[in-house]
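>>> what's the 3D shape of this:
(one chain, ligands or ions: 1)
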Amino acid sequence: MNAQTTTSTELNDGLQELFGAAAHTTPLAEGQHMGVRVHGVDLTQPLSASQAELLVRLLDHYSIMSFPDQGSTNGFRLRYLERLANHFGAPIPHPKNYANYIEYKKHGVPLELPPHEKQTASLCNLAFPDDIRCVEDAESPAVYVVTNLPGSGPDQQEQLASGLHWHTDIEFEPVPLSTSMFYVQRAPTSRNAQNGTWVDDVPPVEGFYHPDSDATLNARRLALPLNGETAYADTIRAFADLPDEKQKELEQTMVRRRLRVTDPGWLIPLVYTNPRTGNKSLHSPIWASRGKNIAPVQIDGLTDQETREFLDDIEAHILQPKYRYDHVHHAGDVTVWSNFATVHNAPPAKSIINCADDARLMYRISCKGEPSYQLPRPDSDEWLANNILPPYRTPDELLQTG
Ligand SMILES: [Fe+2]
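Have a look, this model is predicted:
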């Protein structure tokens with residue numbers, strides 16, 4: 001029995017011991033190590049320290065984990081997702097959730113949430129009011145609503161949006177984001193009669209990728225799923241499969257990450273070593289992961305062009321089909337992924353809809369820092385002030401039972 005089998009068995013044994021006999025895992029995709037479906041775990045209930053530790057170990061092992069049927073008994077509230085997120089790291093509020101983030105950054109005025117009727121959840125509730133209403137606690141600044149509902153409704157003209165580019169969430173800060181998670185309230189169920197997919201193959205947005213990019217790389221970048229799946233690539237396996245010499249070279253490689261071209265930025269290793277498992281992965285090995293918004297990274301010691309060519313080679317490697325997994329979302333799923341062990345992409349989607357079966361309504365929370373098996377987290381005010389912007393700490397009442 002090899003070490004990996006032993007670990008998977010141990011994790012399954014641990015699940016049954018801590019969550020009951022019905023708890024078990026199944027692969028998210030045959031033939032793909034990354035990704036596990038975790039059955040029999042009720043995330044509406046608080047986790048004991050040992051349960052939380054086991055879930056962190058599961059994510060360390062599988063990089064993506066999905067918990068089906070959450071809230072099927074008593075409904076789901078987003079405080080349960082935020083409580084779960086606190087075990088994995090400190091939740092990061094989304095700047096778009098505030099009414100005045102720019103003024104806050106420029107002039108230091110106190111942050112304010114938008115009035116209730118302008119919050120994303122309220123706008124979602126207007127689209128199909130008899131059919132779709134957001135679950136509770138969507139107004140938390142830590143919750144980012146990923147949806148096509150605002151502006152949609154039975155009388156609207158359908159619109160399509162292309163997929164985005166491959167990236168890692170908030171990889172450009174000194175303490176990068178470690179973990180992201182979705183609660184899925186609605187996933188599109190309608191399928192196009194002609195192709196059997198939710199959307200047709202939408203042409204890509206121009207200007208995402210450098211015009212000198214290799215054709216094979218571009219073909220891999222643009223091969224995106226058409227049923228609203230989140231597309232992932234496994235950067236642990238991709239690293240492990242490289243020749244020893246290449247691994248050693250990459251382990252020496254430092255990347256200068258920065259928000260804007262004019263920022264001095266900071267150097268962090270391209271290869272991330274998980275402190276709990278020793279697993280090595282490629283952390284966001286992508287030259288320009290945010291188009292015009294975020295400055296392209298630089299490899300320490302290389303020119304801009306050398307950097308791009310160096311990272312394009314790695315991107316072509318990690319986007320091979322054998323490292324790819326497209327995650328189909330289902331209503332009731334909580335899906336968690338490691339940003340150190342994956343890169344991901346948003347799929348082409350219907351961005352304005354006129355039929356509730358096309359609704360995509362998911363809530364994302366992202367977090368950073370060390371896991372904490374006990375709650376509330378022990379993050380110091382100073383650490384939060386230095387690493388979480390806008391400043392935020394989950395209020396105690398969201399961590400309580402119920
Ligand atoms: Fe993302």
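>>> Could you export stretch 25-45 as PDB, CA atoms only?
This file holds the C-alpha atoms of stretch 25-45, laid out as PDB (Å, rounded to 0.1, in the frame of the first residue of the first chain):
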ATOM      1  CA  THR A  25     -15.500  10.500   0.500                       C
ATOM      2  CA  THR A  26     -15.800   9.900  -3.200                       C
ATOM      3  CA  PRO A  27     -13.600  11.300  -6.000                       C
ATOM      4  CA  LEU A  28     -14.900  14.400  -7.800                       C
ATOM      5  CA  ALA A  29     -13.500  13.000 -11.000                       C
ATOM      6  CA  GLU A  30     -12.300   9.600 -11.900                       C
ATOM      7  CA  GLY A  31      -8.600   9.500 -12.800                       C
ATOM      8  CA  GLN A  32      -7.900  12.900 -11.100                       C
ATOM      9  CA  HIS A  33      -6.300  13.000  -7.700                       C
ATOM     10  CA  MET A  34      -7.400  16.600  -7.100                       C
ATOM     11  CA  GLY A  35     -10.900  16.900  -5.700                       C
ATOM     12  CA  VAL A  36     -13.100  15.000  -3.300                       C
ATOM     13  CA  ARG A  37     -16.700  15.000  -2.400                       C
ATOM     14  CA  VAL A  38     -17.300  14.700   1.300                       C
ATOM     15  CA  HIS A  39     -20.600  13.100   2.200                       C
ATOM     16  CA  GLY A  40     -22.300  13.000   5.600                       C
ATOM     17  CA  VAL A  41     -20.900  16.300   7.000                       C
ATOM     18  CA  ASP A  42     -23.400  18.900   8.100                       C
ATOM     19  CA  LEU A  43     -21.800  22.300   8.000                       C
ATOM     20  CA  THR A  44     -24.800  24.000   9.500                       C
ATOM     21  CA  GLN A  45     -23.400  22.600  12.800                       C
END
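>>> buried ones in it?
Judged by neighbour count using 16 or more other CB atoms under 10 Å, the buried positions of stretch 25-45 are 25, 28-29, 32-44. All C-beta spots, glycine's among them, are computed from the backbone N, C-alpha and C.
>>> Outside of the strand or helix carrying residue 59 itself, list whatever touches it.
Here residue 59, judged by DSSP states H and E, is contained in helix 49-62. Contact with helix 49-62 is made by 7-8, 11, 14-15, 18-19, 25, 33-36, 38, 41, 47, 65, 84, 87-88, 179, 274, 276-277, 279, 336-338, 371-374, as judged by CB atoms under 8 Å, 6 or more residues apart in numbering.
>>> How far does that helix sit from its chain's centre?
Averaging C-alpha positions (CA atoms, centre = their mean, to the nearest Å) puts helix 49-62 17 Å from its chain's average.
>>> Helices along the stretch 51-200 of the chain, start to end?
78-88, 101-107, 120-125 (DSSP state H, counting those that start in this stretch).
>>> Now for residue 385: which residues touch it?
residue 391.
>>> What are the phi and psi values at it?
Backbone torsions of residue 385, given as degrees, to the nearest 10, read phi -60, psi -30.
>>> What residues are bridge-paired with residue 161?
In this entry, residue 161 is beta-bridged to residue 349, by DSSP bridges.
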